[in-house]
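1. Could you work out the structure for the sequence below:
(chains A and B)
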Amino acid sequence: DSGVTQTPKHLITATGQRVTLRCSPRSGDLSVYWYQQSLDQGLQFLIHYYNGEERAKGNILERFSAQQFPDLHSELNLSSLELGDSALYFCASSTQLNTEAFFGQGTRLTVV
Amino acid sequence: AQRVTQPEKLLSVFKGAPVELKCNYSYSGSPELFWYVQYSRQRLQLLLRHISRESIKGFTADLNKGETSFHLKKPFAQEEDSAMYYCALGVDSNYQLIWGAGTKLIIKP
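-> Numbers count the residues shown, from 1 in each chain, chains lettered A, B, ... in the order given. Predicted structure coming up:
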């Protein structure tokens, strides 16, 4: 157990819908990262938050947004969902002084 | 620009054979490099980092600053080593990890 918790584990939804994925980082970790992993692709970095502030953006679509709350948990919002958004979404956290990342189990999103 | 390159998408070797997964990086600062492993249907987990100089599950990786490489090696592959391996570069300026595309390692019996 890495200490990073993601909910839900599985999500099935229809095209055009909106979903929210939740991540609770390890206790004390200030950084939260979101990644997308599709079947035919590797790990795609989406966005990084540090202590509530956005620090870096990767290949994140405009339909997607995220935030980190004062208690350091984070949410990834995916809207106007398309079939191609079906993927495993990972959250990872790290401490402020250490770039080693600890990953959650991921949320498997299926858009039908 | 900061970049991590894993040239092999897929690497297939026989059990007992040596394994080398390649990783090259591009970074002007002092690199902090990691290897992560993802076994089937499991979360990514840290395998090793260059600072610790450990050998985990028989794997080692040496940072070669001259060649800007951090190749992962194991002298005798085992079937349980079959997994997806990612090389990552830590960037201190914003505590970000830059990821390679990953190499799928298949160990044939």
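2. Run a quick neighbour tally on the residue in chain B positioned nearest to chain A.
-> Per Cβ to the nearest Cβ, residue B:90 is where chain B lies closest to chain A, at 3.3 Å. C-beta: built from backbone N, CA, C; applies to glycine. The number of residues packed near residue B:90 is 23, by other Cβ atoms under 10 Å in any protein chain shown.
3. Using PDB, write down the CA coordinates of the strand or helix carrying it.
-> According to DSSP states H and E, residue B:90 maps onto strand B:83-91. The C-alpha trace of strand B:83-91 is given here as PDB (Å, rounded to 0.1, in the frame of the first residue of the first chain):
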ATOM      1  CA  ALA B  83       6.300  -5.900 -16.500                       C
ATOM      2  CA  MET B  84       6.200  -2.400 -17.800                       C
ATOM      3  CA  TYR B  85       9.300  -0.400 -16.900                       C
ATOM      4  CA  TYR B  86       9.400   3.400 -16.900                       C
ATOM      5  CA  CYS B  87      12.500   5.600 -16.500                       C
ATOM      6  CA  ALA B  88      11.800   9.000 -14.900                       C
ATOM      7  CA  LEU B  89      13.800  12.200 -14.400                       C
ATOM      8  CA  GLY B  90      13.200  14.400 -11.400                       C
ATOM      9  CA  VAL B  91      13.300  18.100 -12.000                       C
END
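4. next helix or strand past it?
-> Sequence order places strand B:96-99 as the next helix or strand after strand B:83-91, per DSSP H and E.
5. List the buried residues of that next one.
-> Within strand B:96-99, the residues that count as buried by 16 or more other Cβ atoms under 10 Å in any protein chain shown are B:96, B:97, B:98, B:99.
6. correct me, but the residue of chain B closest to chain A touches residue B:97?
-> Yes. Counting by Cβ atoms under 8 Å, residue B:90 touches residue B:97, with 5.8 Å between them.
7. Now the common contact residues for these two.
-> A:99, B:34 (Cβ atoms under 8 Å, 6 or more residues apart in numbering or on different chains).
8. residues from chain B in reach of chain A?
-> Residues of chain B lying close to chain A by Cβ under 8 Å from any Cβ of the partner chain are B:32, B:34, B:36, B:42-46, B:49, B:84, B:86, B:88, B:90-92, B:94-102.
9. No more questions from me, cheers.
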